[in-house]
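>>> got a structure for you, letters missing:
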């Protein structure tokens with residue numbers, strides 16, 4: 001989040017008046033870090049350490065600054081020193097957990113979060129971090145109690161829990177709205193908006209996209225073909241604002257060729273907002289929202305006249321500075337609108353684009369992937385935090401009813417795989433029937449996906465990019481659409497490609513259909529054959545048409561704004 005300029009000025013003035021005051025330098029480091037300025041925050045922390053070597057509060061700020069600057073190993077070391085110097089400080093333990101996550105020390109991160117929670121058991125924000133990380137590690141101890149604590153705090157408005165993590169809780173859209181509004185209120189208290197600006201009256205509409213995923217990342221993979229197609233729409237001009245540095249990937253190169261790409265990585269929030277304003281962006285799409293690496297403070301400064309929540313964060317922003325959420329009629333039906341602070345703009349096809357220039361390579365052999373020579377291969381390549389006890393139990397019921405079948409999973413962090421094997425054993429399923437795949441380069445992953453017979457989705461946070469990948473590779477997706485945006489994305493993909501029969505109403509129906517398909521290879525093959533045809537015939541993967549719809553929607557939003565009308569529900573034709 002971004003601290004107002006006067007707060008930073010006051011903190012700087014305090015160090016000028018009392019350059020030997022340790023606390024003044026620590027508070028200045030806080031102010032600089034809150035403004036997104038890692039360099040200044042690090043310098044202030046170093047001054048504090050010069051005054052008091054080894055001081056845990058100064059070390060903690062140094063670690064936060066190093067984390068912000070991308071020096072993750074250094075951040076973990078600094079925060080580890082701080083935690084050892086102040087073993088009773090829950091906030092330092094929490095930040096140490098964050099840093100340990102980022103350097104791949106998954107189980108140590110869980111221990112740090114558990115220590116922070118033990119030190120402050122009533123702090124719902126700390127409970128939420130422990131809950132989210134235990135979900136990621138498939139460590140389901142105490143999950144219900146932690147979830148109840150977090151949801152109760154959100155209901156009372158007593159804690160600002162990270163909205164992205166809250167998507168994994170089995171709540172409804174109204175709960176998610178309350179959670180998001182708590183975080184938005186925190187940001188709003190520390191941000192000074194830019195002066196208002198009107199949408200330009202002539203020339204192409206300037207459309208901006210802000211994300212930390214412009215590269216070999218799910219956001220880049222989803223948007224690159226659409227942005228290439230958008231070049232044909234003369235009425236709009238696309239600008240990308242990349243919060244991530246150039247990763248050297250082919251996707252990044254394609255994005256640079258298709259758009260005007262502004263590298264704003266590592267810049268303070270105010271500078272990012274200034275760059276967007278200087279580019280004259282009329283409609284700015286936030287492609288990260290409350291997800292990791294997002295910068296809600298930049299959006300809160302109102303750098304563009306119209307601002308839109310789209311794609312990467314599958315829920316409401318809860319923020320007054322976001323005018324629209326871009327969706328479709330399936331993923332966000334009218335019944336869910338009360339759970340959104342934004343006006344809903346619905347595209348005529350699925351809101352999620354895809355890279356249709358990918359050509360899956362021929363699949364490897366089953367043996368090369370650790371799969372048995374015979375038997376149905378069910379897969380669930382969702383991130384481990386989505387594979388909760390209820391979804392896992394549902395999948396185990398399917399394995400129990402389909403002899404010889406296996407469940408192919410994405411290998412998770414820490415000891416997560418071993419925990420899932422133990423859970424399978426407890427459910428009466430041979431743990432050897434779980435096959436794990438380490439994360440692979442995207443082309444290899446797509447090639448392997450062709451070996452999977454049926455994708456078994458999860459609830460309440462279901463497959464998004466992974467569902468699109470599966471359909472593109474020819475693997476049908478079985479899902480149970482739920483009562484939130486995050487629980488309806490796979491269903492939207494099925495609906496728009498023409499496989500609505502794979503959207504089931506409840507868990508018994510899910511198990512029954514998966515079992516029926518698994519025990520009837522001819523029926524399953526018929527579904528797969530239909531999918532191959534629909535992939536070409538349906539509008540789901542038609543990126544030129546998607547680009548036309550997208551441009552038309554942006555123009556409709558802008559027309560309302562120019563007419564002096566407030567944001568309102570829009571339906572593309």
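Arrived safely. These figures come from a predicted structure and were not determined experimentally.
>>> tell me the buried residues in stretch 196-213?
By 16 or more other C-beta atoms under 10 Å, the buried positions in stretch 196-213 come out as 199, 205-213. Placement of C-beta: from N, CA and C, glycine included.
>>> of those, closest to residue 529?
Using C-beta to C-beta, residue 213 comes nearest to residue 529 of the buried residues of stretch 196-213, at 33.8 Å.
>>> what residues are up against the nearest residue to the closest one once chain neighbours are set aside?
Ranked by C-beta to C-beta, 6 or more residues apart in numbering and with sequence neighbours excluded, the top spatial neighbour of residue 213 is residue 219, at 2.9 Å. Neighbour list for residue 219: 211-213, 287-288, 311-312 [criterion: C-beta atoms under 8 Å, 6 or more residues apart in numbering].
>>> what strand or helix carries residue 219?
Under DSSP states H and E, the secondary-structure element containing residue 219 is helix 218-230.
>>> using the three-state scheme, assign residue 327.
Residue 327 carries the three-state label strand when classified by DSSP: H, G, I helix; E, B strand; the rest coil.
>>> thought it was touching residue 347?
Yes. Counting by C-beta atoms under 8 Å, a contact exists between residue 327 and residue 347, whose distance comes to 7.3 Å.
>>> comparing those two, which residue is more hemmed in?
Legend: neighbour count by other C-beta atoms under 10 Å for residue 327 and residue 347, higher for residue 327 (28 against 23).
>>> residue contacts, that one?
344-347, 351, 485.
>>> helices along the stretch 351-500 of the chain, start to end?
Under the criterion DSSP state H, counting those that start in this stretch, the stretch 351-500 of the chain contains helices at 389-401, 416-426, 442-449, 465-473, 489-497.
>>> which one of these lies closest to residue 504?
Between residue 504 and the helices of the stretch 351-500 of the chain, the shortest separation by C-beta to C-beta is 9.4 Å, and it involves helix 489-497.
>>> for that closest one, packing partners?
Using 3 or more C-beta pairs under 8 Å, 6 or more residues apart in numbering; DSSP states H and E as the contact test, the elements touching helix 489-497 are helix 465-473, strand 477-478, helix 521-537.
>>> 7 Å - rerun?
Counting contacts by 3 or more C-beta pairs under 7 Å, 6 or more residues apart in numbering; DSSP states H and E, helix 489-497 is packed against helix 465-473, strand 477-478.
>>> would you turn the ones you listed into TSV with distance to residue 421, mean pLDDT and mean neighbour count?
Compiled in TSV, the helices and strands packed on helix 489-497 are given as follows (distance: least, C-beta to C-beta, whole Å; pLDDT from 0 to 100; neighbours: other C-beta atoms under 10 Å):
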stretch	distance to residue 421	mean pLDDT	mean neighbour count
helix 465-473	21	96	23
strand 477-478	23	98	26
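>>> turn these into TSV, including distance to residue 56.
TSV is the format used below for the helices and strands packed on helix 489-497 (distance: least, C-beta to C-beta, whole Å):
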stretch	distance to residue 56
helix 465-473	40
strand 477-478	49
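>>> for residue 240, find the nearest of these.
Shortest separation from residue 240 across the helices and strands packed on helix 489-497 is recorded for helix 465-473, at 18.3 Å, computed as C-beta to C-beta.
>>> and the angle from the closest one to helix 442-449?
Angle of helix 465-473 versus helix 442-449, following axes from the mean of the first three to the mean of the last three C-alpha atoms, to 10 degrees, is 70 degrees.
>>> mind naming the longest helix for the chain?
Once the chain is assigned using DSSP state H, the helix that runs over the most residues is helix 543-562.
>>> helix or strand right after that one?
strand 570-571.
>>> that next one: partners in the sheet, and parallel or antiparallel?
Sheet neighbours of strand 570-571, with direction, are listed as strand 343-347 (parallel) (DSSP bridges).
>>> so how far is the strand it pairs with off the chain centroid?
Using C-alpha atoms, centre = their mean, to the nearest Å, the mean C-alpha position of strand 343-347 is found 20 Å from that of the whole chain.
>>> what's next to it, contact-wise?
Residues outside strand 343-347 that contact it (C-beta atoms under 7 Å, 6 or more residues apart in numbering) are 323-329, 332, 337, 549, 553, 557, 567-572.
>>> what's the first helix or strand after the worst-scoring helix or strand of the chain on mean pLDDT?
Comparing every helix and strand of the chain by mean pLDDT, DSSP states H and E singles out helix 5-17 as the least confident one, with a mean of 87. Going down the chain from helix 5-17, the next helix or strand is helix 22-34, by DSSP H and E.
>>> remind me what that next one packs against, helices and strands.
Using 3+ C-beta pairs under 7 Å, 6+ apart as the contact definition, the elements that helix 22-34 packs against are helix 5-17, helix 38-51, helix 56-68.
>>> need the winner for burial among these.
Across the helices and strands packed on helix 22-34, averaging neighbours per residue (mean count of other C-beta atoms under 10 Å) puts helix 56-68 on top, at a mean of 25.
>>> contacting residues around it?
Contact partners of helix 56-68, identified using C-beta under 7 Å, 6+ apart, comprise 26, 29-30, 33, 38, 41-42, 45-46, 48-49, 52, 74-75, 78-79, 81-82, 85-86, 89, 92, 95, 99.
>>> buried ones from those residues, can you make that a PyMOL selection?
The PyMOL command for the buried members of the contacts of helix 56-68 (criterion: 16+ other C-beta under 10 Å) is given here:
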select buried, resi 26+29+30+33+38+41+42+45+48+49+74+75+78+79+81+82+85+86+89+92+95+99
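>>> still on that earlier bit, quick one: the helix holding residue 219 to helix 465-473, angle?
Interaxial angle of helix 218-230 relative to helix 465-473 (the same axes, to 10 degrees): 60 degrees.
>>> pLDDT of helix 218-230, averaged?
Helix 218-230 comes out with an average pLDDT of 97.
>>> mind giving me the packing neighbours of the helix or strand just after that helix?
Going down the chain from helix 218-230, the next helix or strand is strand 236-242, by DSSP H and E. Under the contact criterion of 3+ C-beta pairs under 7 Å, 6+ apart, strand 236-242 touches strand 205-211, helix 218-230, strand 260-263, helix 269-278.
>>> just put the contacts of residue 327 in CSV and tack on distance to residue 362 and pLDDT.
Converted to CSV, those look like this (distance: C-beta to C-beta, whole Å; pLDDT from 0 to 100):
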residue, distance to residue 362, pLDDT
344, 42, 98
345, 40, 98
346, 39, 98
347, 34, 98
351, 32, 98
485, 36, 98
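>>> any idea which of those residues is closest to residue 383?
Nearest to residue 383, judged by C-beta to C-beta, of these is residue 485 at 17.0 Å.
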